[in-house]
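Here is my input, please return the structure:
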Amino acid sequence: MHMKDPFLFQHTINVAMLASIIGFAKTYNHQQLYELIVASLLFDIGMLDLPNELVRKRSRITSIERDRIEQHTIEGYKMLANRSDIPKTAAIAALQHHERYDGSGYPSRMTSRKIHEFAKIIAIADMYDALVSERYHRDSYSRGDAVELLLGSGNRLFDLSLVKLFVNHISIYPIGSEVRLNSGQHAIIASVNSSFVQRPVVKVIRESDGSIVEAPYEIDLKAHLELVIVDMN
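Predicted coordinates for the structure are as follows:
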């Protein structure tokens, strides 16, 4: 996978780490965690079947190319389904990780109750890492925007209970890290409410004109929806 595309490899590692967070939050036992992580490392294995120029394409893909890309779920399932050394759940996750809660996904347009929970978890981790990472065809989203998008897609594209579990257990803005607001102000993360991780309390240390704040003051971003974090050092 690393030889195919370093980004694909790194994305897979990230997804495995993020998915494991949900597994621990759900208090999975050892066997469940093992199977989830193996599935998370192999969910995109079908991408190896795609031409390199399609995997790394920077421009908009055509409908024919999209159809070809969507085949990677079926190809991944075929690669894994008959292997005795890999849990069967890995093959199922490879097949179903692009299925969506409302039945709008692929390849079988399954609705939530038919989708394996591992595939639901991997879908959330896959989407989050894809959003916060630079892609060949676009820049990355901020972590806050990625969380907002996931929450906004709850019980439409993703299982909302799993999204909330994920959001409540990730640290998108570690306390003490420096951020820049859309106002141009620079601030330090002062505290984080686990129910609103995308809207922490920040302490302003530099105004938008670059002047140093002699007495840093706090802003609760939950109460100031016009302010958003646009960058983090």
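
tell me the strands in the chain, going along the chain?
178-181, 186-191, 201-206, 212-220, 229-232 (DSSP state E).

which residues are in contact with the last one?
Meaning strand 229-232. 142-144, 173, 177-182, 202, 221 (CB atoms under 8 Å, 6 or more residues apart in numbering). The C-beta positions use only the backbone N, C-alpha and C, and glycine is treated the same way.

Buried among those residues? Make that a PyMOL selection.
Per 16 or more other CB atoms under 10 Å, the buried members of those correspond to this PyMOL selection:
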select buried, resi 142+143+144+173+177+179+180+181+202+221
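
May I ask you to name the longest helix in the chain?
Ranked by residue count and defined by DSSP state H, the top helix of the chain is helix 6-25.

same for that one, what does it pack against?
helix 30-42, helix 117-132, helix 160-167 (3 or more CB pairs under 8 Å, 6 or more residues apart in numbering; DSSP states H and E).

can you state the direction angle for the first one and helix 6-25?
Following axes from the mean of the first three to the mean of the last three CA atoms, to 10 degrees, one obtains 160 degrees for the angle between helix 30-42 and helix 6-25.

and what of the last one?
Relative orientation of helix 160-167 with respect to helix 6-25: 100 degrees, computed using the same axes, to 10 degrees.

Centre of the chain to helix 160-167, how far?
Here the centre of helix 160-167 is set off from its chain's centre by 12 Å, with CA atoms, centre = their mean, to the nearest Å.

and if you look at the second one?
The chain centroid and the centroid of helix 117-132 are separated by 5 Å under CA atoms, centre = their mean.

same question, the first one
On the basis of CA atoms, centre = their mean, helix 30-42 is displaced by 17 Å from the centre of the chain it belongs to.

how big is the angle separating it from helix 117-132?
Here helix 30-42 runs at an angle of 40 degrees relative to helix 117-132 (the same axes, to 10 degrees).

How about the least confident helix or strand in the chain by mean pLDDT, which residues are buried there?
Sorting the helices and strands of the chain by mean pLDDT, DSSP states H and E puts helix 52-55 at the bottom, at a mean of 86. Neighbour-count burial for helix 52-55, with 16+ other CB under 10 Å as criterion, is recorded at residue 55.

Let me see the contact set for the nearest residue to residue 128 once chain neighbours are set aside.
Distances taken as CB to CB, 6 or more residues apart in numbering put residue 146 closest to residue 128, at 5.5 Å, once the chain neighbours are dropped. By CB under 8 Å, 6+ apart, residue 146 lies in contact with 127-128, 131-132, 172.

Between which two of the contacts of strand 229-232 is the distance greatest?
177 and 182 (17.0 Å; CB to CB).

follow-up on the earlier one: just the buried residues from the contacts of residue 146, in PyMOL please.
Buried residues within those, by 16+ other CB under 10 Å, are selected in PyMOL with:
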select buried, resi 127+128+131+132+172
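
Since that was my last question, I'll sign off now.
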